[in-house]
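**Student:** A structural model of the following input is requested.
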Amino acid sequence: MVSVHNADAVIIFNGRDELSVLTRNGLVEHFLTSPFAAQTERCLGFLDQAHTRETNLKLPESTRAAVTFGPGVAKDTLVQGKMLSEICLLSFMCA
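**Tutor:** Predicted coordinates:
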């Protein structure tokens with residue numbers, strides 16, 4: 001994934017829980033039919049806790065990710081985040 005200053009889009013979930021991209025010019029498109037489905041290296045990504053399970057994104061090897069958590073976090077949430085470390089550089093941040 002690319003730095004925030006160089007990203008062309010952000011991978012998000014829209015209000016209907018559909019995987020989408022928000023482009024730099026403000027257009028929201030379905031992820032799978034957008035050109036960014038094959039160009040995730042040009043995107044930032046945001047997955048919240050509700051959307052981490054059963055979301056399968058092919059990410060470049062250079063991907064970096066952060067898992068944020070606070071008091072009372074469930075163990076399965078941390079395990080889900082740990083699974084990211086198999087495909088990317090992962091940082092854990094506690095609030």
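**Student:** residue ranges for the strands of this protein, please.
**Tutor:** Assigned by DSSP state E, the chain shows strands spanning 9-13, 19-23, 28-30, 43-45, 64-69, 89-94.
**Student:** Walk me through which strands the third one pairs with, and which way each runs.
**Tutor:** The strands that strand 28-30 pairs with in its sheet are strand 19-23 (antiparallel) (by DSSP bridges).
**Student:** Mean pLDDT lowest where, among the strands of the chain?
**Tutor:** For the strands of the chain, the weakest mean pLDDT is recorded on strand 89-94, namely a mean of 61.
**Student:** The residue nearest to residue 20 when sequence neighbours are not counted: how many residues sit nearby?
**Tutor:** Spatial nearest neighbour of residue 20, excluding adjacent residues (CB to CB, 6 or more residues apart in numbering): residue 14 at 4.4 Å. Every residue, glycine included, has its C-beta placed from N, CA and C. Residue 14 has 14 neighbours, counted by other CB atoms under 10 Å.
**Student:** same check, this time on residue 11
**Tutor:** By the criterion of other CB under 10 Å, residue 11 has 23 neighbours.
**Student:** what's the distance between it and residue 17?
**Tutor:** For residue 11, the distance to residue 17 equals 14 Å [CB to CB, to the nearest Å].
**Student:** ok, back up a step: any figure for the gap between the residue nearest to residue 20 and residue 64?
**Tutor:** Distance from residue 14 to residue 64, by CB to CB: 24 Å.
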